[in-house]
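Trainee: I would like the atomic coordinates for the input below:
(one chain, ligands or ions: 1)
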Amino acid sequence: MLYFIIYVTMKVIINGKTFIIPKGIRFGEFSHEIEKAGIEFGCTDGQCGVCIARVVKGLECLKEPSEVEEETLWRTGAVDEEERLTCQLIVEREDCEEIVIESED
Ligand code: FES
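Mentor: Predicted coordinates:
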């Protein structure tokens, strides 16, 4: 028997660079690629807070922040709902045209 795994993907534009990211996989898994768009990563597990960026489009298609992410955002003074830890982002819904993320630098 032959099985095929089909990934649902989302177009994600980070600082103007386009990535195709599978639904359900944490962006931290792609940190080495996403770094090329100018997002800095440290721990990639939601603790250090260096990967904070602003989701300017498509926030509704991302999974809600976990308790760990919310705590780190709070600790680093990120107060806007659009401010998220890039490493913790997960595409949850595919009904957005695209997701656009910009870092503050
Ligand atoms: S890299 Fe540490 S919180 Fe994202």
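
Trainee: show me what contacts G58?
Mentor: By CB atoms under 8 Å, 6 or more residues apart in numbering, the contact set of G58 is 10, 12, 96-100. Using the backbone N, CA and C atoms, a C-beta is placed for each residue, glycine as well.

Trainee: what's the closest non-adjacent residue to the residue nearest in space to the middle of the chain?
Mentor: Central residue of the chain (CA atoms, centre = their mean): L89, 3.2 Å from the mean position. In space, and not counting its chain neighbours, L89 is closest to F27: 4.3 Å by CB to CB, 6 or more residues apart in numbering.

Trainee: I'd like to know how many residues surround that neighbour.
Mentor: Around F27 there are 28 other residues, counting by other CB atoms under 10 Å.

Trainee: re the thing from before, closest one of the contacts of G58 to D45?
Mentor: V12 (19.9 Å; CB to CB).
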